[in-house]
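[1] pasting the structure only:
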């Protein structure tokens, strides 16, 4: 059975990928190629993954008994490009409790 931590890590990577696609593919297509539809669908997917990121973060927090400060930093990492991958790498060695 998957732990909350492993599920969170998978969601974090998916959220990070969707964020990069939104910023570096969909947004340029919208503004340079006049294709706003890509932002609509990529943005929708990213929004859903962001909500899942937050929800699975709460579940992992409860399971792992992390300190509040760590959870805040992990949440803030989702707001910066490439940081969800850093979080995933840092949490890779953490054992599920």
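    That came through, no problem. Keep in mind that this is a model prediction, so the values were computed, not measured.

[2] pull the residues that contact stretch 38-53.
    Outside stretch 38-53, the residues that touch it by Cβ atoms under 8 Å, 6 or more residues apart in numbering are 8, 11-12, 14-15, 18-19, 21-22, 25-27, 29-30, 78, 84. In this view, the C-beta of every residue, glycine as well, is placed from N, C-alpha and C.

[3] could I get the average pLDDT for the helix ranked longest in the chain?
    Secondary structure assigned by DSSP state H gives helix 37-64 as the longest helix of the chain. If you average the pLDDT over helix 37-64, you get 97.

[4] would you mark the buried spots in that helix?
    Residues 38-39, 42-43, 45-46, 49-50, 52-53, 56-57, 60-61, 64 are the ones in helix 37-64 that count as buried (16 or more other Cβ atoms under 10 Å).

[5] next helix or strand past that helix?
    Sequence order places helix 68-77 as the next helix or strand after helix 37-64, per DSSP states H and E.

[6] what angle separates that following helix from helix 37-64?
    Here the directions of helix 68-77 and helix 37-64 differ by 170 degrees (axes from the mean of the first three to the mean of the last three Cα atoms, to 10 degrees).

[7] and helix 68-77, what does it pack against?
    Under the contact definition 3 or more Cβ pairs under 8 Å, 6 or more residues apart in numbering; DSSP states H and E, helix 68-77 sits against helix 37-64, helix 83-91.

[8] JSON lines for these, including distance to residue 70?
    Listed next are these as JSON lines, based on distance: least, Cβ to Cβ, whole Å:
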{"stretch": "helix 37-64", "distance to residue 70": "8"}
{"stretch": "helix 83-91", "distance to residue 70": "10"}
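
[9] which of these sits closest to residue 4?
    Closest approach to residue 4 among the helices and strands packed on helix 68-77 (Cβ to Cβ): helix 37-64, 4.1 Å.

[10] circling back: what's the closest of the helices and strands packed on helix 68-77 to residue 72?
    Judging those by Cβ to Cβ, what sits closest to residue 72 is helix 37-64, at 10.1 Å.
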